[in-house]
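Asker: Have a look at this prediction, sequence included:
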Amino acid sequence: MGDAAKNKSLPVVVVTGFGPFGHHKVNASWEAVKALRDVDTENDLKIKLVTHNLPVEYDYVETEVPKLWKEHNPELVIHVGVSNVASSITLETQAYKSGYKQTDNCGRLPVSGCNCLCETECLQSTLDVPSISTTVTEKDGVPVCISKDAGRYLCEFSYFSSLSQDKSKAIFIHVPELNKPYTANELAKGIKGVIREMLNQRKRLKN
């Protein structure tokens, strides 16, 4: 089987990070996403990895995230964002439709402070997020915690957008700023572990 045919048969995993905003001139989320290739994520997990840099703009996220789902028909979608308060990799369990009050890089807010892709006020991942957190912490040696508050900014907005597509295939990961205390490759190692455990859960559901 040629490489092209082989790649078509592999599950597609889409991972996004964010571009610069505020004082984050270099966004740790995108640096960690780029480093997934440095830690051999595709070969080790036997996936086709698709990475995408999201500008910090509500309109772009609301338009482009559904396009990523439609274009790639992914097995998983993982959004990664940076958090000033995170001290470790943090898995978000839910996202809200409304309450977005922080303007984006264009000085804009979503219409009526809401994400218009779904009518439900709060969407929760149906993945076993606590189990993912515990397993990656123990197996990969990278501390992973969970959170119910994704921040009502572009991070949560993007997560809600993907949860509205499929709650069983999406998660949001907050990472700390670079070298506080983890390098991009260390963060990538943790994200790779999260992807592995998500894939394992999906396989168990199908069997």
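Answerer: Thanks, I have the structure now. Everything quoted here is computed from the prediction, not taken from an experiment.

Asker: Please count neighbours and contacts with C-alpha atoms only from this point.
Answerer: Noted.

Asker: The host helix or strand of residue 133 - contacts with which helices or strands?
Answerer: In this assignment (DSSP states H and E), residue 133 forms part of helix 129-140. Judged by 3 or more C-alpha pairs under 8 Å, 6 or more residues apart in numbering; DSSP states H and E, helix 129-140 is in contact with strand 144-147, helix 184-206.

Asker: Would you reformat these as TSV and include mean pLDDT, distance to residue 26 and mean neighbour count?
Answerer: Compiled in TSV, those are given as follows (pLDDT from 0 to 100; distance: least, C-alpha to C-alpha, whole Å; neighbours: other C-alpha atoms under 10 Å):
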stretch	mean pLDDT	distance to residue 26	mean neighbour count
strand 144-147	97	23	20
helix 184-206	96	11	19
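
Asker: Residue 173: which of these is closest?
Answerer: helix 184-206 (7.9 Å; C-alpha to C-alpha).

Asker: tilt between the closest one and helix 129-140?
Answerer: 130 degrees (axes from the mean of the first three to the mean of the last three C-alpha atoms, to 10 degrees).

Asker: Tell me where the protein is predicted with low confidence.
Answerer: Low-confidence segments of the chain, defined by pLDDT under 70, are located at 1-7.

Asker: so the most centrally placed residue in it, which of the three states?
Answerer: In the chain, the residue lying closest to the centroid (C-alpha atoms, centre = their mean) is residue 79, at 1.7 Å. Secondary structure, DSSP: H, G, I helix; E, B strand; the rest coil: residue 79 is strand.

Asker: contacting residues for it?
Answerer: 15, 16, 17, 155, 158, 159, 170, 171, 172, 173 (C-alpha atoms under 8 Å, 6 or more residues apart in numbering).

Asker: Can you point out the buried residues in the one helix or strand the second one maps to?
Answerer: Using DSSP H and E, residue 16 sits within strand 12-18. Going by neighbour count (16 or more other C-alpha atoms under 10 Å), the buried part of strand 12-18 is 12, 13, 14, 15, 16, 17, 18.

Asker: beta partners for residue 16?
Answerer: When bridges are called by DSSP bridges, residue 16 pairs up with residue 52, residue 79.

Asker: same check, this time on the one 5 residues further on
Answerer: Note on residue 21: beta-bridge partners by DSSP bridges are residue 24.

Asker: For it, the count of nearby residues, please.
Answerer: Residue 21: 14 surrounding residues under other C-alpha atoms under 10 Å.

Asker: Leaving out sequence neighbours, find the closest residue to residue 134.
Answerer: Leaving out its chain neighbours, the residue that sits closest to residue 134 by C-alpha to C-alpha, 6 or more residues apart in numbering is residue 144, at 7.2 Å.

Asker: scratch that, residue 167
Answerer: Excluding the flanking residues, the one nearest residue 167 by C-alpha to C-alpha, 6+ apart is residue 125, at 4.9 Å.

Asker: my guess is residue 175 meets residue 28, correct?
Answerer: Yes. Look at residue 175 against residue 28 with C-alpha atoms under 8 Å: they come within range, at 7.2 Å.
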